[in-house]
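**Q** one predicted model, sequence on top.
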Amino acid sequence: MLDFSSESVKKGIIYCSAIDDSISSDDYIKLCLKCFAGIDNAVIRRDGNGKPYVDDIPYSFSLSHSASLISFCLSPLPSVGIDIQRTDRKCSENKIAMKAFENDEIEWMNDNNIPFFLLWSMKEAYAKADGRGIFAFHRLGSIIPELGKFKAWNIRSGDIGYYLSVYPADDGIKLIKDDRYFSSSPILIAR
């Protein structure tokens, strides 16, 4: 078990592994809280927007999954969001971007050759940290002023690529991954 109070993880952790379909999201949260924070018998509750939380713990957490990977973030900050998106999904990116993103986000994505699913994962992590979730994308406003508070990784699991984004995060946040399944490299997010 990690000592969450230790210098190496006190800024937070991100755990990413192969998904086990036999474990529910709430049970995965409980397992991660036990492994990474020593919290036994956590009772998962949901706020009015469906965001999971546990009473009386000094951490916030977020969970995401896509295809074969699941990710969990634990942070001493009041609220945190994580999202993982498979990069090879097929969709009408331009149509969805016009509905989901602000004009300055679309401009930033186009001007900087930012992949659609990277921006999507950043926006969803932001929405989860905000607590209103993905259905409130336009009510959240633009993430462009917040770019310096994101961390993102390009992850591969076998032949499948993913973008993993966390908000807010800094250089102290620690990525814990199972190297048997994938490798990762940080993505430089520039404004």
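**A** Happy to help now that I have it. These numbers were taken from a predicted model, which means no experiment stands behind them. Residues are numbered from 1 along each chain as shown.
**Q** what are the ranges of the helices in this protein?
**A** For the chain, the helices defined by DSSP state H occupy 25-37, 93-100, 103-111, 116-130, 137-140.
**Q** from the contact counts, what lies against the third one?
**A** Secondary structure elements in contact with helix 103-111, counted by 3 or more CB pairs under 8 Å, 6 or more residues apart in numbering; DSSP states H and E, are helix 93-100, helix 116-130. C-beta: built from backbone N, CA, C; applies to glycine.
**Q** could the ones you listed be laid out in a markdown table, adding mean pLDDT, distance to L33 and mean neighbour count?
**A** Putting these into a markdown table (pLDDT from 0 to 100; distance: least, CB to CB, whole Å; neighbours: other CB atoms under 10 Å) gives the following:
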| stretch | mean pLDDT | distance to L33 | mean neighbour count |
| --- | --- | --- | --- |
| helix 93-100 | 89 | 31 | 12 |
| helix 116-130 | 95 | 17 | 24 |
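**Q** if we can go back for a sec, which one, of the helices of the chain, ends up nearest to C16?
**A** Of all those, helix 25-37 sits nearest to C16, with 10.9 Å by CB to CB.
**Q** how far does that closest one sit from the chain's center?
**A** 16 Å (CA atoms, centre = their mean, to the nearest Å).
**Q** in that helix, what's buried?
**A** 28-30, 32-33, 35-37 (16 or more other CB atoms under 10 Å).
**Q** of all the helices and strands packed on helix 103-111, which one is nearest I57?
**A** Closest among the helices and strands packed on helix 103-111, using CB to CB: helix 116-130, at 16.7 Å.
**Q** please compute how far that closest one lies from its chain's middle.
**A** 8 Å.
**Q** go on, stretch 65-84?
**A** That offset, for stretch 65-84, works out to 4 Å (CA atoms, centre = their mean).
**Q** got the end-to-end distance for it?
**A** Counting by CA to CA, to the nearest Å, you get 6 Å between the two ends of stretch 65-84.
**Q** how about low-confidence regions in this protein?
**A** Along the chain, the model assigns pLDDT under 70 to residues 1-10, 178-186, 188-191.
**Q** so who does the residue nearest the centre of it touch?
**A** The residue lying closest to the centre of the chain (CA atoms, centre = their mean) is I82, at 1.4 Å. Counting by CB atoms under 8 Å, 6 or more residues apart in numbering, I82 touches 14, 62-64, 71-73, 125, 128, 164-166.
**Q** between those residues, which is nearest P115?
**A** Once CB to CB is applied, the member of the contacts of I82 that ends up nearest P115 is S165, at 11.6 Å.
**Q** that closest one bridge partners, please.
**A** D83, A152 (DSSP bridges).
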